[in-house]
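A.B. asks: Could you look at this predicted model? Sequence included:
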Amino acid sequence: MKDLALSAKSIEKYFHQPQTFQVLKNINFEVKKGEFLALVGKSGSGKSTLLYVLSTMDTDYSGKLEINGSPVTGKTQNELAAFRNAHIGFVFQFHYLLPEFTAIDNVMLPALKLGNKPKEEIREKALANLDLLGLKPQAEKQANKLSGGQQQRVAIARALINEPAIIMGDEPTGNLDSKNTKIVFDIFKELAAERGQTIISVTHDDEFAANCDRVIELSDGELV
Amino acid sequence: MKFKIHRYIPFQKTNHKIAITHLTSNVKQVIVAMLSVTFGISMYVFMNGFMKGVNDTQTGLAFSTLSHVRIYNDLPEDNSNLLSRYVNNDVAVNIRNPKVIQYTEGIKNSEKIINQLKNYSEIDAVTPQVNINVFFRNGSIKVNGMLSGIDVENEDLLFQTSDYMVDGDWHELNHRNDGIILGQGLAKKLSLKVNDNIIVSTADGATRNYKIIGILATTLASVDNSKAYIKIGTARQILSKNMGYVTDIQINIKDFNTATKIAEEINPITNYKVEPWQEANGQLDAANALRNIIAVAVSLTILLVAGFGIYNIMNMSVNEKIREIAILKAMGFDGKDIVEIFLEQSIIIGILGGLVGMVFGYIISSIVDNIPFKIATLDSLPMEFQTVDYVMAFVFGVITTFVAGYLPARKASQVDPVEIIRG
Ligand SMILES: Nc1ncnc2c1ncn2[C@@H]1O[C@H](COP(=O)(O)OP(=O)(O)O)[C@@H](O)[C@H]1O
Ligand SMILES: [Mg+2]
């Protein structure tokens, strides 16, 4: 119980537009701390939808969700925002950055928001994260001047900044070449193995999935 | 403890940093929003300054013949039932041989009152008057009017009478017990000019002969058509009254807007009626109040329009940045942070627009102040420069931007991040 990073019980979700249809059907699974989990499945099977529920951003579901041993189902939006800030790092499918900010500012923002370290320390950490992903030279560039792959890597650096208990990625390597995919994979692997951070990553990359600790597959909204 | 301190300060700073980045990366929009505030505030400053100028000019013109506060003997108005003061209605009374008794007219102890008035620092000038209703005659022409016995120097202090002389010298009256100065209209009606003689007769039958030593024209034709001035001592002689008898004590104070308050303050020193100008000239006061209402209504309308301008622009900005709002929320910024981020932008726009607006307002006011306008005593359009207008304009402007910016900010805070990110 104590070493569980995440536990999902009977998660169900419906979409009502354009017509009512069940996108997630009785999802039950647990993820241990330090586990590197791949979530696979055909396009449209509900992977992104499930990840939004797990990330606490989507609260419109039934069932019970616990993260790090604390129940998150039923918390208010503001409580969840603070919770995400401290405990969850998220890499979106479409690598959303704040376009008017520099790469390093984008990386720093979640830490500045969390505010339990001095700014200088945050900056150093952000720079180190960018360096890890081969983006040190781009640190001071405005986010919308970076290429798609670079933006995705900045988003990954941002997801790591608060050393969250769980990092969730929705095809985080979808825009990357094989060299950078390898870099990201190695980073995730190391975070899971050495720092005990939990990774849940949607992927289409068979090699990526094959090297994870565990693979779960979604098909038409059900775990198989 | 250390943890807590760190926690609070960067939290504010981060929202501030985001707000500033949004502003500096949308300079064009910001300037348009700022200009709408600038316009509203400069118009507010201008409108109120102009209305105050018009009011003061209007009132100033009236004060060439009207004092700020007047003390006089206010005869009891209703003498039909004097007993009501002493007995209740349910007491039966029997009155035999009722007679109308004469009341004392005028003010007896004027020196004492005038000396006491000199103790008030708000009071600028005091002058006693003996005003008599008379007939002015020249041969067979007879005109009803007012003969005003005045203290030559103090009268001039209050009403700047010497400025209105069209012929002769006001101060000459000091040395001429038989001298009289006529209003221009009155002189014309009687076909008289300087150095002619005029006959004045009172209701009690006293008749005197004076020599015209001057003609004056104030800004009020009705006064000029019926008024003449003699020395106060001479006027007392006609009525056979003692030194100290006056009909009116006229008072000017430093700020005529405070007349009502000062009238109340000096009321206890005398039993006579103390009347501020607002009471005696309700129409002047009403006209001023109406003009002020117009000025406030127009300027608030303009500010409202400016508010709509900001509302629109901030709304547009929120719609444009809806993806960024979703990202911020996904990263852990809550509704309050988002409100702060967008509200701060509006407030900065409001403050910058307000500061520029005050400068523009001053420039517009200065230009209008110099537009030639030669009517009555005016040389250019009237304009009043008052700090309070600038402060009020700024305060109203910032409040408007606050309200206009709050609505889009609240909308931004209610964005559902999943809906946006899901695409
Ligand atoms: N906002 C929405 N409204 C209605 N249906 C949706 C919405 N978002 C996704 N869906 C549907 O839900 C299913 C799962 O979508 P998604 O979770 O994005 O799949 P995946 O990420 O596995 O490709 C799809 O059939 C998709 O069309
Ligand atoms: Mg998807």
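C.D. replies: Structure's in. What do you need? On a predicted model such as this, the values are computed, not experimentally measured, just so you know. Ligands and ions are numbered 1, 2, ... in the order given.

A.B. asks: which residue packs closest to residue B:113, ignoring adjacent ones?
C.D. replies: Distance criterion CB to CB, 6 or more residues apart in numbering or on different chains; nearest residue to residue B:113, sequence neighbours excluded, is residue B:270 at 5.3 Å. Every residue, glycine included, has its C-beta placed from N, CA and C.

A.B. asks: ok, now how distant is the residue nearest the centre of chain A from chain B?
C.D. replies: The residue lying closest to the centre of chain A (CA atoms, centre = their mean) is residue A:168, at 1.9 Å. Relative to chain B, residue A:168 is positioned 11 Å away (criterion: CB to the nearest CB, to the nearest Å).

A.B. asks: For that residue, what are phi and psi?
C.D. replies: phi -110, psi 130 (degrees, to the nearest 10).

A.B. asks: Stretch B:48-68 - what's its average pLDDT?
C.D. replies: Across stretch B:48-68, pLDDT averages out at 85.

A.B. asks: give me the number of residues near the closest residue to chain A within chain B?
C.D. replies: Chain A sits closest to residue B:332 of chain B, with a gap of 2.4 Å, by CB to the nearest CB. Neighbour count of residue B:332, defined by other CB atoms under 10 Å in any protein chain shown: 24.

A.B. asks: close enough to count as contact, it and residue A:115?
C.D. replies: No - in this structure residue B:332 lies outside contact range of residue A:115 using CB atoms under 8 Å: 10.9 Å.

A.B. asks: picking up where we left off before, next, the contact list for the residue of chain B closest to chain A, please.
C.D. replies: A:81-86, A:110, A:113-114 (CB atoms under 8 Å, 6 or more residues apart in numbering or on different chains).

A.B. asks: The closest residue to residue B:52 other than its chain neighbours - how many residues pack around it?
C.D. replies: In space, and not counting its chain neighbours, residue B:52 is closest to residue B:384: 3.8 Å by CB to CB, 6+ apart. Neighbourhood size, residue B:384 [other CB under 10 Å]: 17.

A.B. asks: show me what contacts residue B:384?
C.D. replies: B:49-50, B:52-53, B:56.

A.B. asks: That one and residue A:78: what is the separation?
C.D. replies: Distance, residue B:384 to residue A:78, using CB to CB, to the nearest Å: 50 Å.

A.B. asks: Residue A:81 contacts residue B:328, correct?
C.D. replies: No - with contact defined as CB under 8 Å, residue A:81 does not count as touching residue B:328 (9.2 Å).

A.B. asks: rewinding a little: now the residue of chain B closest to chain A, nearest residue through space, not along the chain?
C.D. replies: residue A:85 (2.4 Å).

A.B. asks: So which bits of the lengthiest helix in chain A are buried?
C.D. replies: With secondary structure taken from DSSP state H, chain A has its longest helix at helix A:178-195. Within helix A:178-195, the residues scored as buried using 16 or more other CB atoms under 10 Å in any protein chain shown are A:180-181, A:183-185, A:187-188, A:191-192.

A.B. asks: Which strands or helices does it pack on?
C.D. replies: strand A:36-41, helix A:148-160, strand A:166-170, strand A:198-202 (3 or more CB pairs under 8 Å, 6 or more residues apart in numbering or on different chains; DSSP states H and E).

A.B. asks: No more questions from me, cheers.
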